[in-house]
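*Asks:* sequence unknown, structure follows:
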């Protein structure tokens, strides 16, 4: 039996937000058919647990120049998609909080409304979703216990589940977000969403003309450029 597609996403990444919006436009019940893996910059405790598993992040932080480009590019893409966007200002963000809270929401069967509440807070209103106050409001909106959501990082079972997600990302060679895997096919970035749809559900793909995910020569062992652009895609 073929494994379900895997989507690596992050509440931090605007490209992740836009990619999920694009996917749900074509596949409204996306959450029911794809395995979702949150991905984030872990705090010291999660990072230590990840190291004990022999894993780490493949992600490379982007340069200041690329970050400036991203600010303009994502605003343009959001406007084209008809989405309101307000850039949040991240000051010492604690990314474990929203991502572990999302795992709590998933356990409660509220993954979709909590996801929607968090991305609306971050990308439509520019709120700091790494604060307990915003997490509590999103939890209440999604129908889960606000106190439990605020305390998600203190739940050792959620910590372990989060480490499992990041370890899976390590095993899948995830170096940027959003990232989709379907069988042997890999798709990194917003501009590869239609290629993913063409491979996964050809009947839903608009006009995509996907190229092979990996050139045949590379699969055969030919040398290739190992440089990375860094950052999200």
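*Replies:* Right, received. Where do you want to start? Treat the numbers as computed from the prediction; the structure is a model and nothing was measured.
*Asks:* confirm for me that residue 105 is in contact with residue 144.
*Replies:* Yes: at 5.3 Å, residue 105 counts as touching residue 144 under the criterion of CB atoms under 8 Å. For glycine as for every other residue, the C-beta is placed from the backbone atoms N, C-alpha and C.
*Asks:* would you mind telling me which of the two has more residues around it?
*Replies:* residue 105 (26 against 23; other CB atoms under 10 Å).
*Asks:* mind checking pLDDT for the residue nearest to that one when sequence neighbours are not counted?
*Replies:* In space, residue 105 comes closest to residue 114 once its chain neighbours are excluded; the distance is 3.6 Å by CB to CB, 6 or more residues apart in numbering. Per-residue confidence (pLDDT) for residue 114: 98.
*Asks:* and the helices in the protein?
*Replies:* Remark: helices assigned in the chain by DSSP state H are 14-26, 30-33, 44-52, 64-80, 96-107, 111-119, 132-142, 146-150, 156-171, 193-200, 216-219.
*Asks:* pLDDT-wise, which helix or strand of the chain ranks last?
*Replies:* Every helix and strand in the chain was compared by mean pLDDT, DSSP states H and E; the lowest is helix 216-219, with a mean of 46.
*Asks:* circling back to that earlier point, quick check: the residue nearest to residue 105 vs residue 72, distance?
*Replies:* 30 Å (CB to CB, to the nearest Å).
*Asks:* so the two - more neighbours on which side?
*Replies:* residue 114 (25 against 9).
*Asks:* just checking, the more buried one touches residue 139?
*Replies:* Yes: contact criterion CB under 8 Å: residue 114 and residue 139 qualify, at 6.8 Å.
*Asks:* so what sits against both of these two?
*Replies:* Each of 101, 105, 149 lies in contact with both residue 114 and residue 139 under the rule CB atoms under 8 Å, 6 or more residues apart in numbering.
*Asks:* out of the residues you listed, the closest to residue 122 would be?
*Replies:* Of all the shared contacts of residue 114 and residue 139, residue 122 sits closest to residue 101, with 12.9 Å by CB to CB.
*Asks:* show me what contacts the closest one?
*Replies:* Applying CB under 8 Å, 6+ apart, the residues near residue 101 are 114, 135, 138-139, 149-150, 152.
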